[in-house]
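S.K.: 3D model of this:
(one chain, ligands or ions: 1)
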Amino acid sequence: MKILFATSEAYPLIKTGGLGDVAESLPRALSAHGLDARIVLPAYRRVLEQLTEPRILGWLDIATAAGPQVVRVLEASHPAFSASLFLIDAPALFDRDGGPYQHPDGYDWPDNAERFTVFSRAVAQLADDRLGIGWRADLVHANDWQTGLVPAYLSQLERPPRSVFTIHNIAYDCQFDMATFSHLQMPHSWWSMHLGEFYGRFSMLKAGLVFSDVVTTVSPTYAEEICTPAYGYGYAAVLQTNCDKLHGILNGIDAETWNPRTDPLLVAHYQRKSPIRPAKKKNRKALLQTMGAGKTAIDASVPLLGFIGRLVDQKGVDLLADTIPVVFENHDVQFVIIGTGHTHLEQRLSLLAQHYPDRLFLHLGYDEPLAHLLEAGSDMFVMPSRYEPCGLNQMYSMHYGTPPIVHTTGGLADTVVDASAENLRNGSATGFVFEYPEVQDLSTAISRALALHADPKAWMALMKTGMKQDFSWERSASEYIRLYRAPDSAADGNAADGNNA
Ligand code: ADP
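M.R.: Numbering: from 1, shown residues only. Modelled structure (predicted):
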């Protein structure tokens, strides 16, 4: 079975969030199951700089806002990917400095709608083997709004391959007005409330939901949540209409990259069956040294709580900032925070770090090596997301023996088992779950965690239960393959049929 995995980011070439990780791991897991899974990415400048000798496969005629244009298709290989990559090379749209969606100064590229419309058009043609390379997709797996138009353009083909559309975060959708819609030369019929029109604008995400054969999202609980007004960002009604084709499949993690036994970014390795504490202590020291902590802070043997993530409202960063002083007032602990994002949240955390110079250590920026060190060097990981489609860090944390403290939402609810008395007794507990994203609830959860941490035996049992959890892509890939193969999967859809942890 030939799968074309259409994505706007793929780690390690280009990544802004969880989609980048999924794009690396899922196609590899599909290949391991014997599927011919290829990735197609825009040929961003930063991606081309990392590839040696991409091969020209051919040229496609694409209608763009500036009239018909020829877009080049490249093929390249990279050690991180099991199969070769396809790249859509449209230099006017992708050959620029900055991120995949943003200018180096942090604002969205004003032509994002056009960039990803052209990309989606080219992906549909590539899937249909318009290049004549002898590779025609049986199924196209599109991801998030950037490829929402892929199922739409596929629907125009004479023999369209099946399409799966995955929502990684429904809050990001790319909407534009009628003038842009006309400028992008989309078929007029698509401006319909039954297709891509969305409250007087056009939504690329809605196009993906409506035109695809199967819709998935990245955890069973999030699949249920997005069908409600509170979490649906306006799409609850559309999703309810399409609920027969909506499925929740939990993301896996790359258990090779995120393995404390072999992780080259750690200063000391460990595993469930070896002494964990001495190695974690060394990683803690290296982490605090890198963060610029003074000797007293490095030597203090107090619990260390970590946070990594985009500094945006979704991640509950404001809640964390409100809670830290409360925790400091009641407990002798330290915090390490790594993140980048909205200026007001960065400023808020900077002020806090200035206020607690020996207790709160902040790194504003994206730093993969430091993230690994934080997972290994912290004692607990705080993830107070207001909503979380799946979340990866709570799973990394469990594998690194760093029990997570999470709000019960989306993938956090599906992966973390609360350390209630009963769950501790029956050995299923892996972390701490709190119900409401409020200071009181979060600080109580942290206090519960610190109380258990004071009992070394109970804490070790909690760490070890987390470390043995199976979050491999293996299981999730099997779920996807079931959907890829089932022509009638639309008929047996179930918002919560994923592999619950
Ligand atoms: P989202 O996709 O919403 O950002 P996820 O938890 O699914 O959240 O994935 C985020 C990924 O990005 C994780 O691998 C996390 O470690 C990584 N990450 C986020 N911010 C940073 C940062 N500042 N430095 C290093 N890694 C980061």
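
S.K.: Any figure for the gap between Glu474 and Leu250?
M.R.: Glu474 is 12 Å from Leu250, where distance means C-beta to C-beta, to the nearest Å. All C-beta atoms are positioned from the backbone trio N, CA, C, and that covers glycine.

S.K.: Quick check on these two: which one has the bigger neighbour count.
M.R.: Leu250 (25 against 13; other C-beta atoms under 10 Å).

S.K.: That one against Ser476, yeah?
M.R.: Yes - under the criterion of C-beta atoms under 8 Å, Leu250 makes contact with Ser476 at 5.9 Å.

S.K.: what does the domain assignment say about this protein?
M.R.: Following automatic domain parsing, one gets these domains for the chain: 2-252+473-492, 277-467.

S.K.: Residues of the stretch 201-350 of the chain that sit close to the ligand?
M.R.: 308-310, 338-340 (C-beta under 6 Å from any ligand atom).

S.K.: whoops, the chain was the one
M.R.: Residues of the chain lying near the ligand by C-beta under 6 Å from any ligand atom: 17-18, 21, 308-310, 338-340, 366-368, 371, 390-393.

S.K.: List buried members of those by neighbour count.
M.R.: Buried subset of the residues of the chain next to the ligand (neighbour count, 16 or more other C-beta atoms under 10 Å): 17-18, 21, 308-310, 338-340, 366-367, 371, 390-393.

S.K.: State the pair within those that is farthest apart.
M.R.: Within these, Asp367 and Cys390 form the most distant pair, 22.0 Å apart (C-beta to C-beta).

S.K.: so what's the one residue in the stretch 101-250 of the chain that gets nearest to the ligand up against?
M.R.: Among all residues of the stretch 101-250 of the chain, Asn169 sits closest to the ligand, at 6.0 Å; criterion: C-beta to the nearest ligand atom. For Asn169, the contacting residues are 17-18, 144, 314, 389, by C-beta atoms under 8 Å, 6 or more residues apart in numbering.

S.K.: Kindly report the same for Gly67.
M.R.: Listed by C-beta under 8 Å, 6+ apart, Gly67 has no contact partners.

S.K.: Who is it paired with across the strands?
M.R.: Beta bridges link Gly67 to Thr64, judged by DSSP bridges.

S.K.: Identify the residue nearest His331 in space, chain neighbours excluded?
M.R.: Closest residue to His331 in three dimensions, ignoring its sequence neighbours and counting by C-beta to C-beta, 6 or more residues apart in numbering: Leu450, at 5.5 Å.

S.K.: Now do Arg425 against Phe432, distance only.
M.R.: Distance from Arg425 to Phe432, by C-beta to C-beta: 16 Å.

S.K.: Looking at these two, which one has more neighbours?
M.R.: Per other C-beta under 10 Å, whichever of Arg425 and Phe432 has more neighbours is Phe432, with 26 against 9.

S.K.: list the contacts for the most far-flung residue of the chain relative to its centre?
M.R.: Distance from the C-alpha centroid of the chain peaks at Thr296, with 36.5 Å (C-alpha atoms, centre = their mean). Contact analysis of Thr296 by C-beta under 8 Å, 6+ apart lists Asp358.

S.K.: Do you know the pLDDT at it?
M.R.: Here the pLDDT value assigned to Thr296 is 94.

S.K.: how about low-confidence regions in the stretch 1-150 of the chain?
M.R.: In the prediction, the stretch 1-150 of the chain carries no residues with pLDDT under 70.

S.K.: where along it do the strands fall?
M.R.: Counting by DSSP state E, counting those that start in this stretch, the stretch 1-150 of the chain has strands at residues 2-6, 36-42, 55-64, 67-76, 85-89, 139-143.

S.K.: Would you mind reformatting those strands (as a markdown table) and adding columns for distance to Tyr101 while you're at it?
M.R.: Output for the strands of the stretch 1-150 of the chain, formatted as a markdown table (distance: least, C-beta to C-beta, whole Å):
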| stretch | distance to Tyr101 |
| --- | --- |
| strand 2-6 | 16 |
| strand 36-42 | 11 |
| strand 55-64 | 19 |
| strand 67-76 | 19 |
| strand 85-89 | 16 |
| strand 139-143 | 13 |
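
S.K.: Deepest-packed of those, please.
M.R.: Among the strands of the stretch 1-150 of the chain, strand 139-143 has the highest mean neighbour count (mean count of other C-beta atoms under 10 Å), at a mean of 27.
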